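J.: the amino acid sequence is not available; the structure is as follows:
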């Protein structure tokens, strides 16, 4: 079952606190994900931040690293392959 960022925040024990701006960074990074993937994404961000000095840069870095794991580029459309003007 999918959970929103707010639901996830309510269920997770406070391991560390983020500023409003840092939480906005995490929320924006989670937005393009399917709702089912958001909780695992947020857990990955939390794991990446564990033991780190929490700052704007470390939060952004953790979000980028987690996105590499969860965000996949779209494959090109098959119908468009090989149908160029000069083929």
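T.: It's in. Since the model is a prediction, treat every value here as computed from it, not as a measurement.
J.: pull the residues that contact stretch 18-35.
T.: By C-beta atoms under 8 Å, 6 or more residues apart in numbering, the surrounding residues in contact with stretch 18-35 are 2-5, 38, 41-42, 45, 54, 56, 59-60, 63-64, 66-67, 70-71. In short, each C-beta sits where N, CA and C put it, glycine included.
J.: filter these to the buried ones?
T.: The neighbour count (16 or more other C-beta atoms under 10 Å) marks 5, 38, 41-42, 45, 59, 63, 66-67, 70 as buried among the contacts of stretch 18-35.
J.: closest to residue 17 out of the residues you listed?
T.: Distance to residue 17, by C-beta to C-beta, is smallest for residue 59 among the buried ones among the contacts of stretch 18-35, at 11.5 Å.
J.: contacting residues around the helix or strand where that closest one lies?
T.: Per DSSP states H and E: residue 59 is located in helix 56-70. Helix 56-70 is contacted by residues 18-19, 21-22, 25-26, 29, 33, 37, 40-41, 44-45, 48-49, 52 when judged by C-beta under 8 Å, 6+ apart.
J.: now it: average pLDDT?
T.: The pLDDT scores in helix 56-70 average 95.
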